[in-house]
Structure formats: C-alpha cells, structure tokens
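Visitor: missing the sequence, but the structure's below:
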Ligand SMILES: Nc1ccc(C(=O)N[C@@H](CCC(=O)O)C(=O)O)cc1
C-alpha cells in the first residue's frame, strides 16, 4: 500500500471479513460489562491479524487493547460493542419483529462502531508494514458505553496513557464531523431502608422505603425549575420493594442520571439531589445510602484534528446508495411516527450536520458529506469518549448507516444494523479515520499543532476523573 487510495482498496477487498465480524457482534448482543462473547471474538480476531492483545485492561474483564508497530506516534481507534436491553429485532425488516421477545439488540449500532474502528486499525497496520514506517497503531476495546462509562473507568486506570491521538466514529444517518460537545453526567443509586409491616393491621409500625423514593422524586421534580437550562435529571425505580401492596415496603431504590454541560454543574445539582434524598429519608424515618455508579465528562473537541479528519472524509466521498437500499430506507421511513419524521433535522444536527435539510428532499438516505462547521453547541446526550478527549486529542465523525430520521435506541436501528448500506457507511468511517492516522505518521508538524491546541485547552481547565476512587464498573442489575 503506498497511496491514500490504498486504504480504500484494502477496505474494499477485505469487505466480506469486516461484514462477517460486524454480523457476529450483532448476532451476540450483550449489555454493559457482560460483552464476553463480543470482546473475546474481537480480541481474538485482532490477535489473528498480528496485533498483540492485552485483555482485561484497567481491571475490566471485557476491556482490551490491541497494538501493532513500534515507537511514536501512537494512534488509537476506539471501538465499542455493547448493546441495549429490550431491543431484540430481526435484521432487514420494515416491521417490528423481535428475535427473542424482551431480548437484547444492537440499538445504537455498536456492532458497526467496533468493527469500523477495527477495520481502520487493520488498514493502518497494512500500510505501516507495507511501507516500513515506524509508529504504533492501537485498537481500544471499550465496553459498557451504554450507561456504564467504560472509557471513563479506563481513563481513570491509565489505559490511554502514552496515546498521542484518539479517533472514533458513531453510526447515524448523516456524514459529518461530530464537532459538538456533550453533556457530562453522574449516575447514582439512592437506596432507602425502612421497616416492613402489615399495611392494614399495623401500618403505624411500618416505615416505607417506597414512600421515601416517591417523595424524593417529587422533590427532584421541584428542583427542575431551578437548574441550568440544559440540565437533565432522569430516574428509574430499580427496586420498588416488592409486589404486595399489603406490605409496607421496607426496601426501595432509585437510580438517578443527572446531566449538565460541565462536570462542576452536574456536581452542584447532584449535591442538591442528595439533600432531597436526605429530606425524603427524614420525612419517612428511613435510612438512606448513596451508591455512586458511574460518571462521564463533557466532550472536548480538537478543531485541528477535526479539520484533517474532515479532509479525509471529503476525499473518501459519501456512499451512493443502490436502488434496493433506497427502497428499503423508504420502507423504514414509513415506520417512523410523525414526531420522529419531523425530528430528523434536529437529530442530524446533534451529529454535526450544519445545513437546513434541503439537500434531502425526497431522499431517505444521505448521499452527501455535510459541510464542516465547528459547533460550540452541546448535544443533548452523553458519551464516555469525552473523558478520552480530555487527556488525548480526539476527533469523532459519523457516517450514514441508516435511513434518514432513524432514532438511536429503536428496533429500526437494530434492523438496519447489518445491511449493505450500514456496512458501506461503516467502511467510509474506517477509511476517513485510517487516512487521518496515516497522514499524521507523515506530518509531525500537524501532530504538534493538534497537541498545542489540546494543551492550550488544558491550560485553561484541568481534568479530574469524575468517577471517585473505589467505584467499580458494574453490569446492569
Ligand atoms: N454519538 C453518540 C454517543 C452516545 C449517545 C448516547 O445515547 N449516549 C447515552 C450514554 C449515557 C451515559 O453516559 O450513561 C445517552 O446519552 O443516554 C448518542 C450519540
């Protein structure tokens, strides 16, 4: 491999392999920190390809790092492979039909995300060895993105130390640089313990933990008016005490996800939420304990790196869908609600699309690369890529793998996850990322400029990992 088109040729001639890797991960959907099959499969593939693999990094069983090459610079691709519960769905359909009712499914396209980053690492390895170039390429197997902040734990454990550049991508229905920041968050359990009693016979002797959860939620609902505009407070009742209304529930638990543009803002809201929980315990004469689950920071873009990634994306060019792919996408569009259809532009903008949507009139698949317009807005969502971005200059792109308007975390996302258009979109990200890395092995001056931008940002604001010492990653209960 000698030129930039070599990456494209390499990816095209190895397409079948990458499709089958993506399909394997899609067919073995696993939720946070239980990605045993997917992590082992990807790690074994990388090893067979000639990477040296370290499994169980950072004390996390399903986290791994695969490396090839020697010396500097060290360029890493971040890969995810976790799925979501309740989203089981058969492939290539325009109707909802689970493989296993209530089962797990790849609703965020992480089968593509992991495989696309792996393909970029393979292409860079081929380039480095064919051209005898010194430098290191790494693939980071990052578990538990969905609700687990795997990368944030990996950052805390020093897994990314020594890395010069991190590149990653996310499936969507737009081809653009993901230039927006994201919301920082804390995820925390509030556990209440009361006294069980017969609800009719001796209610005066009972102290209800479930009442405490309800009062806490009411308190937080009043707090909503008095926090920064972009803040979000979600909750799930993870233990309601049981199914018997004639028992005063002695144990109950609620899981809070608190988000805001900056960690300091999240922390401030979190402290107020803790006071509300204490208040609920006081009102109900129950005991309250706080169990910190996980956290992540806001994303810090690197405009110099984004500019190079955008050039490589433009050089690669958007995927031009086949008639068959267009027809399937039109069928998917028909399954979206009016609200989802009307939201397509807002959805695209969170992924860095900068236009007014007029290029897509009558189209159900994006066949253009959106103009790169760095945005200082914050996407209403979170990602643990953000913690990597604070310690290593990072850039992310998105490529279209699904029909316009397809919301993440839906059966429509799952069903489109192993189709031909999805795999073409995946390999477009691989190409742009691999060519960005190759560019940087040849242009140390650009690497310096990227680092200078990163350091200038760090000089203004230091980084501390938002997950306290001692807190360990945990699977969905
Ligand atoms: N490029 C994206 C990266 C992540 C997500 C996303 O949905 N993230 C979850 C992560 C939740 C978490 O950090 O716990 C969320 O915001 O709810 C969406 C687009």
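Guide: Now that the structure is in, tell me what you want to look at. As the structure is a computational prediction, the values presented were derived from the model and not from experiment.
Visitor: Residue 8 contacts residue 316, doesn't it?
Guide: Yes. With contacts counted by Cβ atoms under 8 Å, residue 8 reaches residue 316, the gap being 6.8 Å. Quick note: C-beta positions are derived from backbone N, CA and C, even for glycine.
Visitor: what touches both of these two?
Guide: Common contacts of residue 8 and residue 316 (Cβ atoms under 8 Å, 6 or more residues apart in numbering): residue 431.
Visitor: The two - which one has more neighbours?
Guide: The neighbour count for residue 8 versus residue 316, taken as other Cβ atoms under 10 Å, is higher for residue 316 (25 against 20).
Visitor: so what's the residue lying closest to the more buried one once chain neighbours are set aside up against?
Guide: Spatial nearest neighbour of residue 316, excluding adjacent residues (Cβ to Cβ, 6 or more residues apart in numbering): residue 431 at 4.4 Å. Residue 431 is in contact with 7-8, 11, 120, 123, 312, 316, counting by Cβ under 8 Å, 6+ apart.
Visitor: Residue 431 falls within a helix, correct?
Guide: Yes. Residue 431 forms part of a helix when assessed by DSSP: H, G, I helix; E, B strand; the rest coil.
Visitor: Against residue 169, how distant is it?
Guide: 11 Å (Cβ to Cβ, to the nearest Å).
Visitor: Phi, psi for the residue of the chain positioned farthest from its centre please.
Guide: The centre of the chain is farthest from one residue, residue 201, which by Cα atoms, centre = their mean lies 50.2 Å away. Residue 201 has phi and psi values of phi -70, psi -40 when expressed as degrees, to the nearest 10.
Visitor: which residues in the protein form strands?
Guide: 52-55, 64-70, 74-80, 135-142, 165-172, 176-177, 181-182, 184-193, 232-239, 251-260, 287-296, 378-379, 394-400 (DSSP state E).
Visitor: Dump those to a markdown table, plus distance to the ligand, mean pLDDT and mean neighbour count.
Guide: Converted to a markdown table, those look like this (distance: least, Cβ to the nearest ligand atom, whole Å; pLDDT from 0 to 100; neighbours: other Cβ atoms under 10 Å):
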| stretch | distance to the ligand | mean pLDDT | mean neighbour count |
| --- | --- | --- | --- |
| strand 52-55 | 24 | 98 | 15 |
| strand 64-70 | 21 | 98 | 21 |
| strand 74-80 | 9 | 98 | 27 |
| strand 135-142 | 12 | 98 | 26 |
| strand 165-172 | 4 | 98 | 26 |
| strand 176-177 | 11 | 98 | 28 |
| strand 181-182 | 7 | 98 | 23 |
| strand 184-193 | 5 | 98 | 23 |
| strand 232-239 | 9 | 97 | 15 |
| strand 251-260 | 6 | 98 | 22 |
| strand 287-296 | 5 | 98 | 19 |
| strand 378-379 | 7 | 95 | 19 |
| strand 394-400 | 7 | 98 | 28 |
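Visitor: Could you list the low-confidence segments of the stretch 101-250 of the chain?
Guide: Across the stretch 101-250 of the chain, nothing is flagged by pLDDT under 70.
Visitor: Near the ligand, which residues of it? Just list them.
Guide: Selection of the stretch 101-250 of the chain residues close to the ligand by Cβ under 6 Å from any ligand atom yields 147, 149, 170, 185, 187.
Visitor: farthest pair in these?
Guide: 170 and 187 (20.3 Å; Cβ to Cβ).
Visitor: Distance-wise, check the nearest residue to residue 332 once chain neighbours are set aside relative to the ligand.
Guide: The spatially closest residue to residue 332, leaving aside those adjacent along the chain, is residue 403, at 4.0 Å (Cβ to Cβ, 6+ apart). In this view, residue 403 and the ligand are 17 Å apart by Cβ to the nearest ligand atom, to the nearest Å.
Visitor: Contact partners for residue 403?
Guide: So residue 403 contacts 173, 328-330, 332-333, 364-365, 412, 416 (Cβ under 8 Å, 6+ apart).
Visitor: same deal with residue 190?
Guide: Taking Cβ under 8 Å, 6+ apart, one finds 213, 216, 253-256, 277, 288-290 in contact with residue 190.
Visitor: returning to that earlier point: got CSV for the residues of the stretch 101-250 of the chain next to the ligand, with distance to residue 207 too?
Guide: Converted to CSV, those look like this (distance: Cβ to Cβ, whole Å):
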residue, distance to residue 207
147, 31
149, 34
170, 46
185, 32
187, 27
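Visitor: and stretch 272-280, which residues are buried?
Guide: If you call a residue buried by 16 or more other Cβ atoms under 10 Å, then stretch 272-280 has these buried ones: 273, 276-277, 280.
Visitor: Do me a favour and average the pLDDT over that stretch.
Guide: Stretch 272-280 carries an average pLDDT of 98.
Visitor: just how off-centre is that stretch within its chain?
Guide: Relative to the chain's own centre, stretch 272-280 is displaced by 30 Å; criterion: Cα atoms, centre = their mean, to the nearest Å.
Visitor: Other residues contacting it?
Guide: Stretch 272-280 is contacted by residues 188, 190, 192, 212-213, 215-216, 219-220, 223, 233, 256, 258, 286, 288, 290 when judged by Cβ under 8 Å, 6+ apart.
Visitor: of all those, which comes closest to residue 40?
Guide: Ranked by distance to residue 40 (Cβ to Cβ), the contacts of stretch 272-280 are led by residue 188 at 31.1 Å.
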